[in-house]
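1. structure here, sequence nowhere to be found:
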């Protein structure tokens, strides 16, 4: 179960990580994650391992191990984050967990194609990735997920790329989708455009973008997960079309 994630993947491999990097991570875990007194920091690594093992096997909640993994990814040596993520996701898959790591967050997205879709969208530019990362943060909170704001951030990521394509930071998503084709910048398949218009209408209302989402009381993890994946996929589609049209996407 989750114990295997702790035993096999929580720490970066000690034979590939220098002692200074490992000790820095262990100290951060003791001080910033467990909020323990610095003067009680175990001098022997094995002592800290025993304390961690006792905590996770005897008194932790189900989501604590996931929070711990996220902490290690944030504070651990970035050189080993990719390998750590790959190995941890492998264990999560073996143990039939409903979570996988994406961009340092343990999220309820498990299909490899969906993970790759979100990861591709994260690589386009900073403004787009900021919205997607925030959507992931809201979706991935184990104790207080915010599905409404996750959906808002997902749709905002599409709005951002559309603004970048038309070169107008003050337009809205609905206007930008029309302007893209009116100006002949890129061609969007009618079915693709109509499908996204329907999603846009769901998240919009008479008072502007995302208004009706703010009023909805029945949003679920499935809704937020779906919007994140679909919006990431649409962003990736627009990026490819923009590249073919010679349109450079940037944060300006």
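-> Thanks, I have the structure now. Predicted model, so just to flag it, every value in this text is computed and none were measured. Numbers count the residues shown, from 1 in each chain.
2. residue 221 and residue 147 touch, don't they?
-> Yes - under the criterion of C-beta atoms under 8 Å, residue 221 is in contact with residue 147, at a separation of 6.3 Å. (C-beta placed from N, C-alpha, C; glycine too.)
3. these two - which one has more neighbours?
-> residue 147 (22 against 13; other C-beta atoms under 10 Å).
4. which residues do residue 221 and residue 147 both contact?
-> Residues touching both residue 221 and residue 147 (C-beta atoms under 8 Å, 6 or more residues apart in numbering) are residue 139.
5. state the mean pLDDT of whatever helix or strand residue 195 lives in.
-> Following DSSP states H and E, the helix or strand that holds residue 195 is helix 190-202. Predicted confidence along helix 190-202 averages 76 (mean pLDDT).
6. likewise stretch 228-244?
-> 92.
7. show me which residues of it are buried.
-> Buried positions in stretch 228-244, judged by neighbour count with 16 or more other C-beta atoms under 10 Å: 228-239, 241-242.
8. now stretch 28-42
-> The neighbour-count criterion (16+ other C-beta under 10 Å) identifies 28, 29, 30, 33 as the buried residues of stretch 28-42.
9. now, which of the buried residues of stretch 228-244 lie within helices?
-> Restricting the buried residues of stretch 228-244 to those inside helices, with DSSP state H as the criterion, leaves 228-239, 241-242.
10. just put these in a markdown table and tack on distance to residue 139.
-> Supplementary listing: those in a markdown table, determined by distance: C-beta to C-beta, whole Å:
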| residue | distance to residue 139 |
| --- | --- |
| 228 | 6 |
| 229 | 10 |
| 230 | 13 |
| 231 | 12 |
| 232 | 12 |
| 233 | 16 |
| 234 | 17 |
| 235 | 16 |
| 236 | 18 |
| 237 | 21 |
| 238 | 22 |
| 239 | 22 |
| 241 | 27 |
| 242 | 26 |
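11. from these, pick the one nearest residue 163.
-> residue 238 (11.2 Å; C-beta to C-beta).
12. what segments of this protein are strands?
-> With DSSP state E, the ranges of strands along the chain come out as 100-102, 105-107, 204-205, 208-209.
13. on that earlier part again, nearest to residue 106, of the buried residues of stretch 228-244?
-> Using C-beta to C-beta as the measure, the one of the buried residues of stretch 228-244 that approaches residue 106 most closely is residue 228, at 14.4 Å.
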